[in-house]
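S.K.: Got a sequence here, can you build the structure:
(2 chains)
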Amino acid sequence: KAGVTQTPRYLIKTRGQQVTLSCSPISGHRSVSWYQQTPGQGLQFLFEYFSETQRNKGNFPGRFSGRQFSNSRSEMNVSTLELGDSALYLCASSLAGAYQETQYFGPGTRLLVL
Amino acid sequence: QKEVEQNSGPLSVPEGAIASLNCTYSDRGSQSFFWYRQYSGKSPELIMFIYSNGDKEDGRFTAQLNKASQYVSLLIRDSQPSDSATYLCAVETGTASKLTFGTGTRLQVTL
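M.R.: Reported below is the predicted structural model:
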(Lines give C-alpha, C1' and ligand atoms only; values in the text may rest on other atoms or scores of the structure.)
Protein backbone atom coordinates (compact mmCIF):
# COMPACT_ATOMS: atom_id res chain seq x y z
CA LYS A 1 0.00 0.00 0.00
CA ALA A 2 1.43 3.36 -0.95
CA GLY A 3 2.20 5.75 1.86
CA VAL A 4 1.20 9.35 2.35
CA THR A 5 2.43 11.58 -0.43
CA GLN A 6 2.96 15.30 -0.37
CA THR A 7 3.66 17.75 -3.15
CA PRO A 8 5.68 19.72 -3.75
CA ARG A 9 8.60 18.58 -1.63
CA TYR A 10 10.33 21.93 -1.63
CA LEU A 11 9.12 25.47 -2.14
CA ILE A 12 10.70 28.89 -2.05
CA LYS A 13 8.42 31.87 -1.77
CA THR A 14 8.75 35.52 -0.86
CA ARG A 15 6.96 37.42 1.87
CA GLY A 16 3.42 38.37 1.03
CA GLN A 17 2.88 35.54 -1.43
CA GLN A 18 0.55 32.64 -0.85
CA VAL A 19 1.21 28.93 -1.17
CA THR A 20 -0.82 25.76 -1.55
CA LEU A 21 0.44 22.39 -0.40
CA SER A 22 -1.10 19.06 -1.28
CA CYS A 23 -1.42 15.78 0.59
CA SER A 24 -2.71 12.40 -0.60
CA PRO A 25 -3.45 10.04 2.28
CA ILE A 26 -2.95 6.31 2.39
CA SER A 27 -5.65 4.56 0.39
CA GLY A 28 -8.71 4.04 2.60
CA HIS A 29 -7.71 6.68 5.12
CA ARG A 30 -10.26 9.44 5.49
CA SER A 31 -8.66 11.63 8.13
CA VAL A 32 -5.87 14.03 7.24
CA SER A 33 -4.06 16.14 9.79
CA TRP A 34 -1.55 18.89 9.10
CA TYR A 35 1.41 19.84 11.27
CA GLN A 36 4.07 22.53 11.12
CA GLN A 37 7.58 21.67 12.28
CA THR A 38 10.14 24.35 13.10
CA PRO A 39 13.40 24.11 15.05
CA GLY A 40 12.09 26.48 17.71
CA GLN A 41 8.54 25.22 18.22
CA GLY A 42 8.80 21.60 17.18
CA LEU A 43 5.79 19.85 15.70
CA GLN A 44 2.56 21.78 16.08
CA PHE A 45 -0.93 20.74 15.04
CA LEU A 46 -2.56 22.92 12.41
CA PHE A 47 -5.88 21.24 11.63
CA GLU A 48 -7.59 17.97 10.81
CA TYR A 49 -10.05 17.11 8.08
CA PHE A 50 -12.46 14.24 7.84
CA SER A 51 -15.13 13.73 5.20
CA GLU A 52 -14.37 17.12 3.68
CA THR A 53 -14.99 18.89 7.01
CA GLN A 54 -12.52 20.54 9.33
CA ARG A 55 -13.02 18.84 12.65
CA ASN A 56 -10.17 20.21 14.70
CA LYS A 57 -8.04 23.30 14.56
CA GLY A 58 -4.83 24.30 16.28
CA ASN A 59 -3.71 27.73 17.40
CA PHE A 60 -2.65 29.23 14.12
CA PRO A 61 -3.83 32.47 12.51
CA GLY A 62 -6.51 32.53 9.86
CA ARG A 63 -3.85 32.85 7.17
CA PHE A 64 -3.57 29.09 7.47
CA SER A 65 -6.47 27.27 5.92
CA GLY A 66 -7.20 23.95 4.36
CA ARG A 67 -9.72 21.80 2.63
CA GLN A 68 -10.38 18.20 1.83
CA PHE A 69 -11.80 16.70 -1.29
CA SER A 70 -14.20 13.81 -1.73
CA ASN A 71 -11.29 11.45 -2.45
CA SER A 72 -9.77 12.43 0.94
CA ARG A 73 -6.91 14.34 -0.64
CA SER A 74 -6.24 17.53 1.25
CA GLU A 75 -4.69 20.89 0.57
CA MET A 76 -3.50 23.56 2.91
CA ASN A 77 -3.07 27.18 1.99
CA VAL A 78 -1.01 29.87 3.63
CA SER A 79 -1.75 33.41 2.54
CA THR A 80 0.35 36.52 3.01
CA LEU A 81 3.46 34.54 3.84
CA GLU A 82 5.74 35.71 6.64
CA LEU A 83 9.38 34.81 7.26
CA GLY A 84 8.27 32.81 10.30
CA ASP A 85 6.21 30.51 8.10
CA SER A 86 9.41 28.86 6.91
CA ALA A 87 9.03 25.32 8.14
CA LEU A 88 8.53 21.69 7.28
CA TYR A 89 4.83 21.07 6.72
CA LEU A 90 3.77 17.53 7.40
CA CYS A 91 0.51 15.84 6.76
CA ALA A 92 -0.54 12.63 8.42
CA SER A 93 -3.37 10.29 7.63
CA SER A 94 -5.35 7.81 9.65
CA LEU A 95 -8.39 5.65 9.00
CA ALA A 96 -11.03 7.79 10.65
CA GLY A 97 -9.23 10.10 13.02
CA ALA A 98 -10.61 8.22 16.01
CA TYR A 99 -8.95 7.92 19.39
CA GLN A 100 -5.95 5.63 19.51
CA GLU A 101 -5.56 5.48 15.76
CA THR A 102 -2.04 5.73 14.46
CA GLN A 103 -1.22 8.66 12.24
CA TYR A 104 1.16 8.02 9.38
CA PHE A 105 3.21 10.92 8.19
CA GLY A 106 4.10 11.93 4.68
CA PRO A 107 7.59 13.09 3.67
CA GLY A 108 6.69 16.73 4.18
CA THR A 109 6.94 19.93 2.18
CA ARG A 110 9.83 22.17 3.12
CA LEU A 111 8.82 25.81 2.68
CA LEU A 112 11.34 28.62 2.70
CA VAL A 113 10.02 32.17 2.82
CA LEU A 114 12.48 34.87 1.75
CA GLN B 1 4.59 24.49 31.64
CA LYS B 2 4.71 22.76 28.29
CA GLU B 3 2.08 20.15 27.66
CA VAL B 4 4.57 17.47 26.67
CA GLU B 5 8.15 17.67 27.88
CA GLN B 6 11.23 15.81 26.81
CA ASN B 7 14.90 16.29 27.50
CA SER B 8 16.37 17.58 24.24
CA GLY B 9 19.64 15.71 24.70
CA PRO B 10 21.74 14.67 23.05
CA LEU B 11 21.61 11.39 24.87
CA SER B 12 24.75 9.49 24.05
CA VAL B 13 24.92 5.73 24.60
CA PRO B 14 27.47 3.17 23.43
CA GLU B 15 26.50 0.53 20.92
CA GLY B 16 24.82 -2.42 22.60
CA ALA B 17 23.68 -0.43 25.64
CA ILE B 18 20.14 0.42 26.70
CA ALA B 19 18.86 3.86 25.79
CA SER B 20 16.17 5.30 28.05
CA LEU B 21 14.04 8.14 26.76
CA ASN B 22 11.54 9.91 28.96
CA CYS B 23 8.50 12.09 28.44
CA THR B 24 6.14 13.81 30.85
CA TYR B 25 2.75 15.30 30.04
CA SER B 26 0.51 17.72 31.84
CA ASP B 27 -3.02 16.74 30.82
CA ARG B 28 -4.38 13.98 33.04
CA GLY B 29 -7.07 13.32 30.44
CA SER B 30 -4.48 12.12 27.93
CA GLN B 31 -5.55 8.87 26.37
CA SER B 32 -2.98 7.64 23.91
CA PHE B 33 0.76 7.90 23.70
CA PHE B 34 3.00 7.46 20.70
CA TRP B 35 6.72 7.34 20.10
CA TYR B 36 7.95 8.48 16.72
CA ARG B 37 11.49 8.38 15.38
CA GLN B 38 12.70 11.11 13.07
CA TYR B 39 15.94 10.96 11.17
CA SER B 40 17.51 14.23 10.14
CA GLY B 41 15.70 15.64 7.12
CA LYS B 42 13.02 12.96 7.20
CA SER B 43 9.47 12.75 8.49
CA PRO B 44 8.46 11.05 11.74
CA GLU B 45 7.84 7.32 11.65
CA LEU B 46 5.93 5.44 14.29
CA ILE B 47 7.94 3.27 16.67
CA MET B 48 5.34 2.29 19.23
CA PHE B 49 2.07 3.29 20.81
CA ILE B 50 0.77 2.58 24.30
CA TYR B 51 -2.64 3.17 25.82
CA SER B 52 -2.65 1.32 29.13
CA ASN B 53 -0.50 1.55 32.23
CA GLY B 54 2.45 -0.79 32.28
CA ASP B 55 4.95 -2.04 29.76
CA LYS B 56 4.58 -2.88 26.11
CA GLU B 57 7.36 -4.63 24.26
CA ASP B 58 8.04 -4.81 20.55
CA GLY B 59 11.38 -6.30 19.58
CA ARG B 60 14.15 -4.16 21.00
CA PHE B 61 11.71 -1.45 22.05
CA THR B 62 9.72 -1.23 25.28
CA ALA B 63 7.26 1.54 26.04
CA GLN B 64 6.30 2.20 29.63
CA LEU B 65 3.31 4.23 30.75
CA ASN B 66 2.50 5.51 34.22
CA LYS B 67 -0.65 7.63 34.12
CA ALA B 68 -0.58 8.39 37.85
CA SER B 69 2.84 9.99 37.48
CA GLN B 70 2.07 11.29 34.00
CA TYR B 71 5.11 9.95 32.27
CA VAL B 72 5.83 7.67 29.41
CA SER B 73 9.19 6.25 28.49
CA LEU B 74 10.84 4.35 25.69
CA LEU B 75 13.62 1.85 26.24
CA ILE B 76 15.80 0.73 23.36
CA ARG B 77 17.79 -2.40 24.09
CA ASP B 78 20.98 -3.34 22.25
CA SER B 79 21.22 0.15 20.77
CA GLN B 80 22.60 0.32 17.25
CA PRO B 81 24.18 3.25 15.37
CA SER B 82 21.11 3.17 13.12
CA ASP B 83 19.01 4.11 16.16
CA SER B 84 20.69 7.53 16.17
CA ALA B 85 17.79 9.90 15.55
CA THR B 86 15.42 12.25 17.31
CA TYR B 87 12.67 10.51 19.27
CA LEU B 88 9.41 12.34 19.55
CA CYS B 89 6.84 11.69 22.24
CA ALA B 90 3.29 12.43 21.11
CA VAL B 91 0.21 12.55 23.29
CA GLU B 92 -3.41 12.42 22.26
CA THR B 93 -5.43 14.36 24.80
CA GLY B 94 -9.07 15.36 24.70
CA THR B 95 -9.29 15.63 20.95
CA ALA B 96 -9.02 12.58 18.77
CA SER B 97 -6.46 12.82 15.98
CA LYS B 98 -4.81 15.90 17.49
CA LEU B 99 -1.34 14.95 18.65
CA THR B 100 0.68 17.17 20.95
CA PHE B 101 4.38 16.57 20.50
CA GLY B 102 7.34 17.06 22.75
CA THR B 103 10.36 18.77 21.25
CA GLY B 104 12.13 15.44 20.96
CA THR B 105 15.24 13.83 22.39
CA ARG B 106 18.22 13.40 20.14
CA LEU B 107 19.83 10.02 20.62
CA GLN B 108 23.40 9.31 19.57
CA VAL B 109 24.62 5.71 19.59
CA THR B 110 28.39 5.64 19.54
CA LEU B 111 30.64 2.84 18.26
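
S.K.: Let's see the pLDDT reported for the closest residue to A:Ser51 other than its chain neighbours.
M.R.: What sits nearest to A:Ser51 in space, not counting adjacent residues and going by Cβ to Cβ, 6 or more residues apart in numbering or on different chains, is A:Arg30, at 6.3 Å. All C-beta atoms are positioned from the backbone trio N, CA, C, and that covers glycine. Per-residue pLDDT puts A:Arg30 at 95.

S.K.: Now do the same contact list for the spatially closest residue to B:Tyr36 that is not a sequence neighbour.
M.R.: Nearest residue to B:Tyr36 in three dimensions, chain neighbours excluded: B:Pro44, at 3.8 Å (Cβ to Cβ, 6+ apart). B:Pro44 makes contacts with A:Leu43, A:Leu90, A:Phe105, B:Tyr36, B:Arg37, B:Gln38, B:Leu88, as judged by Cβ atoms under 8 Å, 6 or more residues apart in numbering or on different chains.

S.K.: and if we set it to 7 Å?
M.R.: By Cβ atoms under 7 Å, 6 or more residues apart in numbering or on different chains, the contact list for B:Pro44 reads A:Phe105, B:Tyr36, B:Arg37, B:Gln38, B:Leu88.

S.K.: Is the residue nearest to A:Ser51 in contact with A:Ala98, as I believe?
M.R.: No: the criterion here is Cβ atoms under 7 Å, and A:Arg30 misses it with A:Ala98 at 10.4 Å.

S.K.: what's the closest non-adjacent residue to A:Tyr10?
M.R.: Using Cβ to Cβ, 6+ apart, the nearest residue to A:Tyr10 is A:Arg110, at 5.1 Å.

S.K.: what helices or strands is whichever strand or helix holds that neighbour leaning on?
M.R.: According to DSSP states H and E, A:Arg110 maps onto strand A:109-113. Packing partners of strand A:109-113 (3 or more Cβ pairs under 7 Å, 6 or more residues apart in numbering or on different chains; DSSP states H and E): strand A:10-13, strand A:87-94.

S.K.: Could you identify which of these is most buried?
M.R.: Highest mean neighbour count of these: strand A:87-94, a mean of 25 (counted as mean count of other Cβ atoms under 10 Å in any protein chain shown).

S.K.: where does A:Gly84 fall, helix, sheet strand or coil?
M.R.: Of the three states, A:Gly84 takes helix under DSSP: H, G, I helix; E, B strand; the rest coil.

S.K.: How many neighbouring residues does it have?
M.R.: A:Gly84 has 10 neighbours, counted by other Cβ atoms under 10 Å in any protein chain shown.

S.K.: Please tell me the pLDDT value assigned to it.
M.R.: pLDDT at A:Gly84 comes out at 96.

S.K.: What's the separation between it and chain B?
M.R.: Here the criterion is Cβ to the nearest Cβ, to the nearest Å. By it, A:Gly84 lies 17 Å from chain B.
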